[in-house]
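Participant: Coordinates for the following, if possible.
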Amino acid sequence: MEQPDTLPFPLDPAADPAAEAHELLAQGCPVRHVLLPGAVPAVAALDYETAKAVLGHPKLTKDPAHWPALTDGRIPGDWELIPLVQGAGMLHAGGEAHTRLRGLVSSAFRRASIESWRPRIEEIAATLLDQLESAAARGPVVDLRHEFAWQLPLTVVCELLGVPASAIARLRGAFDRLVTPDPLDESGQGILDAQAVIAEELTQLIALKRSAPGVDLATELITARDADDGSLTDAELLQTMFLLLIAGQETTVLLITGTVHSLLNDPQQLDAVRAGAFTWSDVVEEGLRHSSPVRYALMRYATEDIEIGGTAIRRGDAVIAALFAAGRDGEVHDGAHRFDLGRSTRHHLAFGHGAHFCLGATLARLEAEVALEMLFSRFPRIGLAGDDVPSMRSIALQGLQALPVRLGPTGR
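Facilitator: Residues are numbered from 1 along each chain as shown. Sure thing, here's the model as predicted:
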C-alpha cells in the first residue's frame, strides 16, 4: 500500500495558492503526482529549476494529440479545463505548427511596437482613473478590479485587435465564467455557454473585418488566413484571436490587483518606491515573482519516456508546471514568501520559458507599470477597505476576485 505522502496530491481550485505551494515545496520533492479537478492525473513540477526544465523540455509537447487520456475519451468533452488544454491555436501546438502560428502575430508584440503604445495606454489609464474617482464619489469603497484593473488590459487588447467597444462587456463576462467556473455547475454548461459567446463575438469580428478592414491585428490575421498560401485555417484564426484576448486580459488584471494588494499591505515599500529607491519596473517584477498570476501552466505531454527531477515520466503522461510555487522556491529566493523590492535577484517563470514564453510579456509589463504608477500618483492616500479580499477559484490562474479600496484625496 502506498504511503500517504506518495499518493497523488489533489489540487483544489479553492485552495490558498501560497499555503499549497508551501506544503508541496516543504516535502522536498521537485516532482509530485497530482490529481486535477475531476480526478484527472498529472505530474507537477514544483520548484523553480524543475518547472523551468519542464517548460523548455524538448520531449514535452503542448499538442494534446499526444495525451491518450484525451484522445481515447477518458477525459470528457465537458471537463472544466478543456478550453485551456485543447484547441487549434498556438497555445496547443508544438514544433513547426507552433512556430508557424506564433510567427503570424509576433511582429505586433516586438518591444519597439509595444513601446509605441505607451501614450495610448496612458490615455486609457487616465480615463479609467477619472471613472474610478467618479465611482468613489458614489460611495466610499470601490472595487479596484472591477472599476479599473480589468478595464485597462481589456481595452488595450481589444484596440490592438480591432474589437468594437460594443462587444467588450459581453466578452469580459464570458471570460470571467471561463476562468472561474461555477463550482455548483457540475454539468459544465456554464463553460460551454461562455465558449459559445466568445466564439460568436469573434466570428462577428472576423466578418466585420472582412467587410471593413482596419489597421489592427485582426485584419492582419484575416489577411493571412485569406492569402493564397493558406497560412491560417478558420479554426486557427478563431483560436489565435481567443488566445490573444484571454492571455492579454485576465493575467494582467491579476498582476495589477495582486501587486497593488502587496504594496498596500506594506506601506514602507510603497514609500520607498515613491522616494525613488525602486522603479515601477522593480515593483512589477517582484509582483510577478511573488504572486505569479499563472498558478499551474497546463499542459504538456511526454512524447517518449523521460525522467524529470528524478521521477520517471511515461510517454503520454500529462505534465504541469507550478509557476506560483516556483516563485516561492526558498532555494532560489531567501524569504520567498515575502514581497521584497530589495531582492538582489528576482528570477521568475510567470511568463513561462522556452518556445511558449508569453508573447505578450512586454505588453503586460508596460500595462502594469503604467497602471501602478498612475494609480498611486493620482491617489496617494489609497488604502485597503478591509481584510476580507476574495480570491478566485482556479487551477490555471490565481489572484483576487475583487479588491475593495478607499481612494482618499487625489494627488492632483
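Participant: So T252 belongs to a helix, correct?
Facilitator: Yes: the assignment for T252 by DSSP: H, G, I helix; E, B strand; the rest coil puts it in a helix.
Participant: surely it meets P153?
Facilitator: Yes: under the criterion of C-beta atoms under 8 Å, T252 makes contact with P153 at 3.9 Å. Every residue, glycine included, has its C-beta placed from N, CA and C.
Participant: Common neighbours of these two, please.
Facilitator: A364, E367 (C-beta atoms under 8 Å, 6 or more residues apart in numbering).
Participant: number of nearby residues for the closest residue to A14 other than its chain neighbours?
Facilitator: Excluding the flanking residues, the one nearest A14 by C-beta to C-beta, 6 or more residues apart in numbering is R393, at 4.9 Å. Residues near R393, counting by other C-beta atoms under 10 Å, number 18.
Participant: Kindly report the same for D234.
Facilitator: Here the number of neighbours of D234 (other C-beta under 10 Å) works out to 11.
Participant: now A97: how far from A65?
Facilitator: 10 Å (C-beta to C-beta, to the nearest Å).
Participant: Pull up the overlap in contacts between the two.
Facilitator: Common contacts of A97 and A65 (C-beta under 8 Å, 6+ apart): none found.
Participant: Let me know the next secondary structure element after the one helix or strand V197 maps to.
Facilitator: Element membership of V197, judged by DSSP states H and E, is helix 189-211. Where DSSP H and E defines the elements, the next helix or strand beyond helix 189-211 is helix 217-226.
Participant: Taking their axis directions, the very next helix or strand once past that following helix and helix 189-211 sit at what angle?
Facilitator: On the C-terminal side of helix 217-226, the nearest following helix or strand under DSSP H and E is helix 234-247. Angle, helix 234-247 to helix 189-211, by axes from the mean of the first three to the mean of the last three C-alpha atoms, to 10 degrees: 110 degrees.
Participant: residues making contact with helix 234-247?
Facilitator: 87-92, 101, 104-105, 157-158, 160-161, 163, 171, 175, 178-179, 198-199, 202-203, 205-206, 217-218, 221-222, 225, 232, 358-360.
Participant: What lies in contact with stretch 280-287?
Facilitator: For stretch 280-287, using C-beta under 8 Å, 6+ apart, the contacting residues are 255, 258-259, 262-263, 273, 339-341, 343, 346, 348, 365, 368-369, 372-373.
Participant: before we move on, back to that, confirm for me that the residue nearest to A14 is in contact with P13.
Facilitator: Yes: with contact defined as C-beta under 8 Å, R393 reaches P13; the gap is 4.3 Å.
Participant: quick one, what contacts the spatially most central residue of the chain?
Facilitator: Centroid-nearest residue in the chain: T251, 3.1 Å away (criterion: C-alpha atoms, centre = their mean). By C-beta under 8 Å, 6+ apart, the contact set of T251 is P293, V294, A364, L397.
Participant: can you rerun that using 6 Å?
Facilitator: P293 (C-beta atoms under 6 Å, 6 or more residues apart in numbering).
Participant: Can you give me the distance of it to A371?
Facilitator: The gap separating T251 from A371 is 13 Å, by C-beta to C-beta.
Participant: any weak-confidence spans in the stretch 1-150 of the chain?
Facilitator: For the stretch 1-150 of the chain, the stretches with pLDDT under 70 are 1-6, 88.
Participant: That one: strands as residue ranges?
Facilitator: Under the criterion DSSP state E, counting those that start in this stretch, strands of the stretch 1-150 of the chain are mapped to 9-10, 31-36, 40-45, 60-61, 142-143.
Participant: Is it possible to get TSV of these that adds distance to P17 and mean neighbour count?
Facilitator: Formatted as TSV, the strands of the stretch 1-150 of the chain follow (distance: least, C-beta to C-beta, whole Å; neighbours: other C-beta atoms under 10 Å):
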stretch	distance to P17	mean neighbour count
strand 9-10	14	14
strand 31-36	14	20
strand 40-45	13	22
strand 60-61	23	24
strand 142-143	21	22
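Participant: do you know which of those lies nearest P76?
Facilitator: Closest to P76 of those, according to C-beta to C-beta: strand 40-45, at 9.7 Å.
Participant: Which strands border the closest one, and is each parallel or antiparallel?
Facilitator: Strand 40-45 sits in its sheet next to strand 31-36 (antiparallel), strand 318-321 (parallel), going by DSSP bridges.
Participant: Adding distance to R381, write these out as a markdown table.
Facilitator: Formatted as a markdown table, these follow (distance: least, C-beta to C-beta, whole Å):
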| stretch | distance to R381 |
| --- | --- |
| strand 31-36 | 43 |
| strand 318-321 | 40 |
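Participant: Which among these is found nearest to E331?
Facilitator: The nearest among the strands paired with strand 40-45, by C-beta to C-beta, is strand 31-36 at 14.8 Å.
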